[in-house]
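A.B. asks: model this:
(3 chains)
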Amino acid sequence: MRKLPDKSFPVATKKITEKPRVVMPDGSREISFFDQVYDVVRQIPKGRVTSYGAIARFLGSGKSARMVGWALNGASAIKPKVPAHRVVNSAGLLSGKAHFATPTLMEELLAKEKIKVLNEKIVDFDKKFWDPAAELAL
DNA sequence: TTTGTGACGTATT
DNA sequence: GAATACGCCACAA
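C.D. replies: So this is what the prediction gives:
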């Protein structure tokens, strides 16, 4: 996946439920913002978590954390599994748990990875936090 | 086309 | 430190 977006960021993203990949104006194939999000999320080590904002910054958009969440909205429909449960907001809250198959699924998955969740919040979020910019160091 | 909404985040009050 | 305000940008209506 490499590559970072900035200006050459692909514009025409189709429905995320369809083909995430887009074609750049120059004809070169580029990875859509959504795919990049999925890639990063897939690389989150087991037992670690990250935030929407961290991913957004890593991808260059910075303030487009909402788009990360939006992308994850269709994560369940993506072929390779996307561990969306490892992505929370900057406060370490499971803001997206309601969007899983079941409201308890997210906690369950996190529990499997030895991540404790107390009152919708990740325990020791600071320690579990995984920064793509630092770890992937692209 | 314009408007509103959102798995967010940061700056103010 | 909690509550608000605002910025962001893709998408649906």
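A.B. asks: gap between the closest residue to DNA strand B within chain A and DNA strand C?
C.D. replies: Nearest residue of chain A to DNA strand B, counting by Cβ to the nearest atom of the strand: residue A:96, 1.5 Å away. Placement of C-beta: from N, CA and C, glycine included. Here residue A:96 is placed at a distance of 16 Å from DNA strand C (Cβ to the nearest atom of the strand, to the nearest Å).
A.B. asks: OK, contacts around that residue?
C.D. replies: A:69, A:72, A:84, A:87-88, A:106 (Cβ atoms under 8 Å, 6 or more residues apart in numbering).
A.B. asks: can you list those in JSON lines and add pLDDT?
C.D. replies: As requested, the contacts of residue A:96 are exported to JSON lines (pLDDT from 0 to 100):
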{"residue": "A:69", "pLDDT": "93"}
{"residue": "A:72", "pLDDT": "94"}
{"residue": "A:84", "pLDDT": "95"}
{"residue": "A:87", "pLDDT": "96"}
{"residue": "A:88", "pLDDT": "96"}
{"residue": "A:106", "pLDDT": "94"}
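A.B. asks: DNA strand C next: which of these are close?
C.D. replies: Among those, not one lies near DNA strand C by Cβ under 7 Å from any atom of the strand.
A.B. asks: quick one: which of those residues sit in strands?
C.D. replies: A:87-88 (DSSP state E).
A.B. asks: wait, which of the contacts of residue A:96 is closest to DNA strand C?
C.D. replies: residue A:69 (9.9 Å).
A.B. asks: Any idea how many residues pack against the closest residue to that closest one other than its chain neighbours?
C.D. replies: Nearest residue to residue A:69, sequence neighbours excluded (Cβ to Cβ, 6 or more residues apart in numbering): residue A:52, at 5.3 Å. Residue A:52 sits with 23 neighbouring residues when counted by other Cβ atoms under 10 Å.
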